[in-house]
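Chemist: what's the 3D shape of this:
(2 chains)
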Number of protein chains: 2
Amino acid sequence: MRAAFYISDGTAITSEVFGHALLSLFPTEFEHFTIPFVESHEKAEMVKQEINKTFRRTGEPPLVFHTFVNPEIREIIDSCDGIIYNFLEHFVAPLEQQLQLEAKPKAHRTHSIHENNYDYRIDAVNYALANDDGSNVSNYEHADVILVGVSRSGKTPSSLYLALQYGIKAANYPFTDDDMDELKLPDFLKKNKSKLFGLTIDPQRLMEIRDGRMANSKYASARQCRMEIREVEKLYKKEKIPFLNTTKLSVEEITAKILSATGLQRHKY
Amino acid sequence: MRAAFYISDGTAITSEVFGHALLSLFPTEFEHFTIPFVESHEKAEMVKQEINKTFRRTGEPPLVFHTFVNPEIREIIDSCDGIIYNFLEHFVAPLEQQLQLEAKPKAHRTHSIHENNYDYRIDAVNYALANDDGSNVSNYEHADVILVGVSRSGKTPSSLYLALQYGIKAANYPFTDDDMDELKLPDFLKKNKSKLFGLTIDPQRLMEIRDGRMANSKYASARQCRMEIREVEKLYKKEKIPFLNTTKLSVEEITAKILSATGLQRHKY
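Modeler: All right, here's what the predicted structure looks like:
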C-alpha cells in the first residue's frame, strides 16, 4: 500500500486536508502518517529517515504533503526519497503578483491560539455544553442559534461543531414524547423564534439509531418515530421555522447548510 | 478590502483550508465569503454574478478558491471576473502519473457521511459528553484516552475535539481542591493508567481564566492556582503520566500533540 505523509512545523491539519482532498480522488487505499511540529533540524532529519525507511519497506516512494515556513527545515524534508507535493509553493508567487504584496510566512499562522477570535470558540464550546439538550432554557438570549428537533436527529454533534469550529453559540432543545400531544413552541422558544433552526430525519433512520441505544423500546418503535417526525415537521411548517433533513448528511454538511441558510456570523475562517 | 470566495459542490471546507493557508501568509485583511453546495448550473450562475458584483463594488478582482468535481459547473465559475486558484488541477496530473492510476472524481468525497468511520465520530462525541468532567468514572474501560488536570486547563474542549475530529473516545477527569491535601490517583484512574494524559497550564494564565468565571474567588486566587498546578505536576512526574502545558496552545495544537505523543489510533484522515 502506498504511504502518504502529512508533515508540518505546526499541527499539519492543512497538509492533511490538502493531501486527503487529492488522494480521495483516487480509487485506492493509502497508509497515512501525520507528523506535526517538525520544528528543528534534528526532528526534520528523523522524519526524512522515516520516509526513506518507508520507501525501503514498501518499495514505492511515499507521497509527502507538507507546509513548511522555515526554508532550511523544508529543504531537509525535500531531500528525502519521497515525492513532494508543496501546494504553498505553487500559489504564493501568483498571489504575490495579484496582491502586489510580499508573502511574510511565519510559523503557526493557522490553527493557533493567536488566531483572531480563538477565545470566542472556547466560550462557544462552554455555552454549547451548558445549553445542550434543553438544559438552561433561561439562557437563550445569549444564543446565536437554537437547534430544535426530536431525540437523535443530530442536534448535539451539530451544536458542538458549530461552537468548536466556528465560535457560534449554539443551544439545542429536544421535543420529546411528552410534548407530542399538542406540539407547540414553549414560551422560551417563542421569544427567540428568529434563532430557531429545525432538524428532521427519515423515520426509518431514526428508528435504527434509537434501536442502537434502546432496543425494542417504545422510543425506538416505528410508530413513535413516524409520529414524532410528522409532528415536528408540521410545527416547523406552521411556525415557518427553517429546517433540514439530516438523514444523509455528516455533521460538517449539516453545519455548512445551517450557516448558509441562516447567514450566521462565523468567528473563524 | 480584497474579497476571497471559497466555493465548492460540497461543504467548501477544503477550499477554505486551502485558501486560508495561503492568505494567512499575507500581512493584510480579506473579506471572506464561503458558498457551499453549488450543485446546479443555476446556482453556479448566481455565484458567478455574485463574484462579478463584488468586483464592481470593490474595484478589485475577488480571489476565488474552489474544488469542483463537475466540469460544467466548474467552467461556469471559472468564467467569472475573479482570479481562480484551483489546487486540485495542479496536482492531479502529477499524482496520476506517480500512482499510474486515473483520478475518479466524485462529489462529496470528503467531509461526508459516507466516509469510513463516520459513525465512530458520532459515538465518540456521545462518549465524550457522557464522560466529561469526571461523570461516569465507571466507564473508563471504553475510553481510548482519559485527559486529567485541574479545572480550566483545557480538558473539555480537547476531549470534544478528539471525538469530533478523530473519532477518539476521550473521557476527562478533574482534580479539584478536595483532592489536593494528598493528591494521588483514585483507583478508577490507577486501573486505566496507560490511558491517562495530563494537562497543565501556567498558574498566571489559569488565574485569568478562572477569574473570568468566578471573580475574586478562592478558586481563582493566585495561591490556589499555584498550589493546584504544583500538586498535579508533581503527581504526573511521580506516576510517569505524560503531560502537556496548554498555556499557549490552541485546541488543534493540544490534540495534535496528544495524538503524536500517545500514538492513539485515529478514525479519520
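Chemist: Now stretch A:11-18: average pLDDT?
Modeler: For stretch A:11-18, mean pLDDT rounds to 94.
Chemist: buried stuff in it?
Modeler: For stretch A:11-18, the neighbour count (16 or more other C-beta atoms under 10 Å in any protein chain shown) marks A:11-18 as buried. From N, CA and C alone the C-beta is placed, and that goes for glycine too.
Chemist: go on, stretch A:32-50?
Modeler: Neighbour-count burial for stretch A:32-50 [16+ other C-beta under 10 Å]: A:32-39, A:44-45, A:47-48, A:50.
Chemist: go on, stretch A:134-149?
Modeler: In stretch A:134-149, counting by 16+ other C-beta under 10 Å, buried: A:134, A:136, A:140, A:143-149.
Chemist: so does that stretch get close to chain B?
Modeler: No. Residues of stretch A:134-149 are not located near chain B by C-beta under 8 Å from any C-beta of the partner chain, the shortest gap being 11.8 Å.
Chemist: Look up how far residue A:209 lies from residue A:146.
Modeler: According to C-beta to C-beta, to the nearest Å, residue A:146 and residue A:209 sit 22 Å apart.
Chemist: Break chain A into its domains for me.
Modeler: A:2-99, A:118-262 (automatic domain parsing).
Chemist: I'd like the ones you listed laid out as a markdown table, including distance to residue B:191.
Modeler: Shown next, in a markdown table, are these (distance: least, C-beta to C-beta, whole Å):
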| stretch | distance to residue B:191 |
| --- | --- |
| domain A:2-99 | 30 |
| domain A:118-262 | 26 |
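Chemist: Quick one: closest of the ones you listed to residue B:75.
Modeler: domain A:2-99 (18.4 Å; C-beta to C-beta).
Chemist: For the closest one, measure first residue to last.
Modeler: Domain A:2-99 has an end-to-end distance of 38 Å (C-alpha to C-alpha, to the nearest Å).
Chemist: My guess is residue A:196 contacts residue A:241. True?
Modeler: Yes. Using C-beta atoms under 8 Å, residue A:196 makes contact with residue A:241 at a distance of 4.9 Å.
Chemist: about what we covered before: mind picking the one among the buried residues of stretch A:11-18 that's closest to residue A:223?
Modeler: Nearest to residue A:223, judged by C-beta to C-beta, of those is residue A:17 at 43.5 Å.
Chemist: check whether stretch A:69-76 contacts chain B.
Modeler: No. Stretch A:69-76 is not in contact with chain B by C-beta under 8 Å from any C-beta; minimum separation 8.6 Å.
Chemist: quick one: contacts of that stretch?
Modeler: A:9, A:38-41, A:44-45, A:48, A:66, A:68, A:86, A:105-107, A:109 (C-beta atoms under 8 Å, 6 or more residues apart in numbering or on different chains).
Chemist: So which of these is the closest to chain B?
Modeler: Proximity of those to chain B (C-beta to the nearest C-beta) peaks at residue A:109, which lies at 4.3 Å.
Chemist: Okay, and the closest one sits in which element?
Modeler: Taking DSSP states H and E as the definition, one finds residue A:109 inside no helix or strand.
Chemist: and it, what is it in contact with?
Modeler: Shown in contact with residue A:109 (C-beta under 8 Å, 6+ apart): A:10, A:69, B:24-25.
Chemist: Could you do residue A:9 as well?
Modeler: Contacts of residue A:9 (C-beta under 8 Å, 6+ apart): A:37-39, A:68-70, A:73, A:107-108.
Chemist: again, only this time at 10 Å
Modeler: Counting by C-beta atoms under 10 Å, 6 or more residues apart in numbering or on different chains, residue A:9 touches A:36-40, A:43-44, A:66-70, A:73-74, A:107-108.
Chemist: And the helices in the stretch 101-250 of chain A, which stretches?
Modeler: A:118-130, A:155-166, A:187-190, A:203-213, A:222-239 (DSSP state H, counting those that start in this stretch).
Chemist: Adding mean neighbour count and distance to chain B, write those out as CSV.
Modeler: Below are the helices of the stretch 101-250 of chain A laid out as CSV (neighbours: other C-beta atoms under 10 Å in any protein chain shown; distance: least, C-beta to the nearest C-beta, whole Å):
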stretch, mean neighbour count, distance to chain B
helix A:118-130, 19, 5
helix A:155-166, 25, 5
helix A:187-190, 14, 22
helix A:203-213, 17, 9
helix A:222-239, 16, 18
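Chemist: where does chain A dip in pLDDT?
Modeler: A:116, A:269 (pLDDT under 70).
Chemist: if you set the cut-off to 50 instead, what comes out?
Modeler: Residues of chain A meeting the criterion pLDDT under 50: none.
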